[in-house]
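**Q** Build me a model from this:
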Amino acid sequence: MATDTSPRIIRTPGPWSPLLFDMDGTMLDSAEAITGRLRETLEYFNVPVPSEEELRLTIGPPAGQGLLKFVGPDLGDEARTFYRALSDRDGFANQELFAGIAETLSALHGEGVPLGVATSRPQATAEALCEHYGIAEYFDLIIGGNQRRPDKASVIAENLVQFNKLGYDANALMIGDRYFDTEGALANEIPTVLVRWGYAAEHEFDSAMHTVHDVDDLMSLLQAAGRA
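**A** Residues are numbered from 1 along each chain as shown. Below is the predicted model:
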């Protein structure tokens, strides 16, 4: 008997609420900053630097996971420490919001849609980025990673717990750009919309409920679901 190897896809009817937004590759164009630090770290430890495409595919989970793939377990802790020092040195350099993101968040917030950030970035970094780019005011929750939330599934789970405490019924939707987002959402039994302006390889879109090409496409999808 043939085995069905197609990915499991969570589908729910809209309107969706709350909306959970990934950070890197979804709201924030940070590829130049992240791949630059990865490249500098690998060069420092005399590790062969892979192609730009391979480096971009490490964006999504915590940076240490991507580094471990290239440097191996023996250099893992030292390389992560070096990378974090580069991150502290660079601050907000070489990254910016994708076009139309701030306006989209403002519009959704103005319509009363509850919004959350669900990112693997460290909690303090996630908060600082939202403040720096002027979007913190649009979010009811900003949830990043920490020792208790080491992956996207646990970050999404914490969003759902906190939104429940705020009195929002859960028909949540994850909006991201990588399969880490769909996997994390799947673990929490919620659907995912993947944006095509991020850092995913083409096959990653197979597990999303919908994909969108730009912010207008995203708003059209959300608004159509609200009218359904």
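**Q** For the host helix or strand of Ala157, buried residues please.
**A** Using DSSP states H and E, Ala157 maps to helix 152-165. Buried residues in helix 152-165, counted by 16 or more other C-beta atoms under 10 Å: 152-160, 163. Just so you know, the C-beta spots here come from the backbone N, C-alpha and C atoms, and that holds for glycine as well.
**Q** what's the answer for stretch 131-139, then?
**A** By neighbour count on 16+ other C-beta under 10 Å, the buried set for stretch 131-139 is 133, 135, 138-139.
**Q** ok, the residues you listed vs Ala107, which is closest?
**A** Of all the buried residues of stretch 131-139, Ala107 sits closest to Tyr138, with 9.4 Å by C-beta to C-beta.
**Q** Unless I misread the structure, Val47 falls within a helix.
**A** No. Counting by DSSP: H, G, I helix; E, B strand; the rest coil, one finds Val47 to be coil, located in no helix.
**Q** begin at 592 from here
**A** Let's use 592 as the start, then, which means that last one is Val638.
**Q** any idea how far it is from Lys660?
**A** Going from Val638 to Lys660 by C-beta to C-beta, to the nearest Å gives 11 Å.
**Q** Same question for Glu780.
**A** 29 Å.
**Q** Next, the residue nearest to Tyr790 when sequence neighbours are not counted: phi, psi?
**A** For Tyr790, ignoring the flanking residues on the chain, the nearest one in space by C-beta to C-beta, 6 or more residues apart in numbering is Gly616 at 4.4 Å. Per-residue torsions, Gly616: phi 90, psi -10 (degrees, to the nearest 10).
**Q** got the contact list for Gly616?
**A** 622, 650-651, 767-769, 786, 788-791 (C-beta atoms under 8 Å, 6 or more residues apart in numbering).
**Q** Now do the buried residues in the helix or strand bottoming out on mean pLDDT in the chain.
**A** When each helix and strand of the chain is scored by mean pLDDT, DSSP states H and E, helix 654-662 comes last, with a mean of 81. The neighbour-count check on helix 654-662 (16+ other C-beta under 10 Å) flags 654-659, 661-662 as buried.
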